[in-house]
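A.B. asks: Output the structure for:
(2 chains)
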Protein chains: 2
Amino acid sequence: MPLSKNDIKYIKSLRLKKFRQKYDNFVVEGDKIVRELLQQRPEWVESVYALDEWVPTLSPVQTKIETVPRAQLSQASLLKTPNQAIAIVRQQRADWKKWPLSEQLSIYLEDLQDPGNLGTILRIADWFGIPNVLCSPQSVDLYNPKVIQASMGAFLRVHYAEATLSEIQELHPGLPVFATVMEGENVFQAELPANGLLAIGNEGSGLSDDALQRADRKISVPPARGAGAESLNAAIATGIICAVLKNKAGGQLS
Amino acid sequence: MPLSKNDIKYIKSLRLKKFRQKYDNFVVEGDKIVRELLQQRPEWVESVYALDEWVPTLSPVQTKIETVPRAQLSQASLLKTPNQAIAIVRQQRADWKKWPLSEQLSIYLEDLQDPGNLGTILRIADWFGIPNVLCSPQSVDLYNPKVIQASMGAFLRVHYAEATLSEIQELHPGLPVFATVMEGENVFQAELPANGLLAIGNEGSGLSDDALQRADRKISVPPARGAGAESLNAAIATGIICAVLKNKAGGQLS
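C.D. replies: Next comes the predicted model:
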């Protein structure tokens, strides 16, 4: 069944946060990621539009899949290179207050702005088995299409919620907070507990003074002597620190 | 002096590789990065267009800076959020055959496609004091504006050249090559020489069979047990491996 003009207009409107909030939906695009969505979280899916030839390669699922002509799928697409399938998905509201944060390593992002960075950090969490990513309310919206695409499906598995650091600390008073800073303890040498909250700040300004005061430890990825760069990208720093922390935790077990 | 229509057309044409090649120039935009350019590589600069109020904050340099109205700078800008200064810069041709690769850790990128990844990897190299980045001819163009902006000025300091792995090995027959793969030696545990060539493959398909055969070692960043993600972003994997290799090399010295 072809898409109506209004269907296309609706899908395209979801690139904007105000319409995502109004309809409580978001868009997932592409062969691989829609396939993962249907396999792992079919209950989240509202509708799927796909090319005729895409559908038969799917394993059977309950979701109704509407086949649409290629030209229409391209019109509805938010991507530069339109893909074979577009899903409209309901936004999820996770209750982070039930998460056992004191028994896990989690990530807290303060005012992260770049959607590519948030998507990449979700993918890092997914890779290293870090179950939770908490974001300050001023951070980029998880349901921004660039976040979803950059996450490569990690948004299906990593728990995500909005919370402030003070709310988290109120509920978990003893939770160790590791602040990522420019000049702190070398993450390779620091002896840190395996569980806690790794806090990463805004791309331009880093963590706020309030967050730094709330942190128990300040850690960093030291540069080479005489290095020219002023900073590492936020997602790169997160990746390195998660790799090192998880390697140390693994080492303790073996 | 205001920019002519042709000036604006010329600057905007440099977003495309064919015009960058035709004119042998590229564009650098933004307060901080143009300032670094003028301080560190004034000899590369052909011209600078800036807002009237931007100029006086500069330290004295030889380059002629033309002040232009804000509306014109916005018209010429390749960025979504136009900045205070745009520089037109001559492309540099480094002779990698003179680089002492056997005495350094260098990065080799095979067919990397994402400009953000290349820019971020230059920034990683800059941070960890890795002097050279070599790219296969099919990789994204260094002078793509998205590469330059994502590098945050690292393109001014890290040596960059195009070369194939076979050309590099022909000149340096004993150079250790470490291939980054999905399932290889755990980079945290592998004992690797401090100098050599760290090879990273294309975002989608990884390193080619030819590159894998040419490699002396295969290394990887191991995922958590049962992790959902299929892979790490190429720049994240590069960042983690460079951090670990540089930490080990530093440890040997102290």
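
A.B. asks: State the distance from the closest residue to chain B within the stretch 1-150 of chain A to A:Ala194.
C.D. replies: Residue nearest to chain B within the stretch 1-150 of chain A: A:Gly129 (2.8 Å; CB to the nearest CB). All C-beta atoms are positioned from the backbone trio N, CA, C, and that covers glycine. For A:Gly129, the distance to A:Ala194 equals 12 Å [CB to CB, to the nearest Å].

A.B. asks: The residue of the stretch 1-150 of chain A closest to chain B contacts A:Gly250, doesn't it?
C.D. replies: No. Using CB atoms under 8 Å, A:Gly129 makes no contact with A:Gly250, being 10.1 Å away.

A.B. asks: Comparing those two, which residue is more hemmed in?
C.D. replies: More crowded of A:Gly129 and A:Gly250, by other CB atoms under 10 Å in any protein chain shown: A:Gly129, with 20 against 16.

A.B. asks: is it fair to say that one lies in a strand?
C.D. replies: No. Looking at A:Gly129 with DSSP: H, G, I helix; E, B strand; the rest coil, it is coil, so not inside a strand.

A.B. asks: How about it: what's its closest non-neighbour residue?
C.D. replies: B:Ala224 (2.8 Å; CB to CB, 6 or more residues apart in numbering or on different chains).

A.B. asks: can you pull the contacts of that neighbour?
C.D. replies: Going by CB atoms under 8 Å, 6 or more residues apart in numbering or on different chains, B:Ala224 touches A:Trp127, A:Phe128, A:Gly129, A:Ile130, A:Lys246.

A.B. asks: ok, the spatially closest residue to the first one that is not a sequence neighbour to B:Asn83 distance?
C.D. replies: Across the structure, with CB to CB, 6+ apart as the measure, the residue nearest A:Trp127 apart from its sequence neighbours is B:Ala229 (4.3 Å). According to CB to CB, B:Ala229 stands 35 Å off from B:Asn83.

A.B. asks: same thing with A:Ser13?
C.D. replies: Relative to B:Asn83, A:Ser13 is positioned 30 Å away (CB to CB).

A.B. asks: Next: A:Ala211.
C.D. replies: Relative to B:Asn83, A:Ala211 is positioned 28 Å away (CB to CB).

A.B. asks: B:Ala229 and B:Asn83: which is more packed in?
C.D. replies: Legend: neighbour count by other CB under 10 Å for B:Ala229 and B:Asn83, higher for B:Ala229 (22 against 19).

A.B. asks: tell me the SS of the more buried one?
C.D. replies: coil.

A.B. asks: so who does it touch?
C.D. replies: Shown in contact with B:Ala229 (CB under 8 Å, 6+ apart): A:Arg123, A:Asp126, A:Trp127, A:Met152, A:Gly153, A:Ala154, A:Arg157, B:Pro223.

A.B. asks: Tell me the most packed of the residues you listed, by neighbour count.
C.D. replies: Neighbour counts for those (other CB under 10 Å) peak at A:Trp127, which has 29 neighbours.

A.B. asks: hang on, that one packs against B:Ala227?
C.D. replies: Yes. Shown here, A:Trp127 and B:Ala227 form a contact pair, counting by CB under 8 Å, at 5.4 Å.

A.B. asks: Give me the nearest residue to A:Ala190, chain neighbours excluded.
C.D. replies: Nearest in space to A:Ala190, with sequence neighbours left out and distances taken as CB to CB, 6+ apart, is A:Ile219 at 5.5 Å.

A.B. asks: Next up, phi/psi of that neighbour, please.
C.D. replies: When read as degrees, to the nearest 10, the backbone of A:Ile219 gives phi -120, psi 160.

A.B. asks: which stretches of chain A form helices?
C.D. replies: Applying DSSP state H to chain A gives helices spanning A:5-13, A:17-23, A:31-40, A:70-76, A:115-127, A:145-151, A:165-171, A:209-214, A:234-253.
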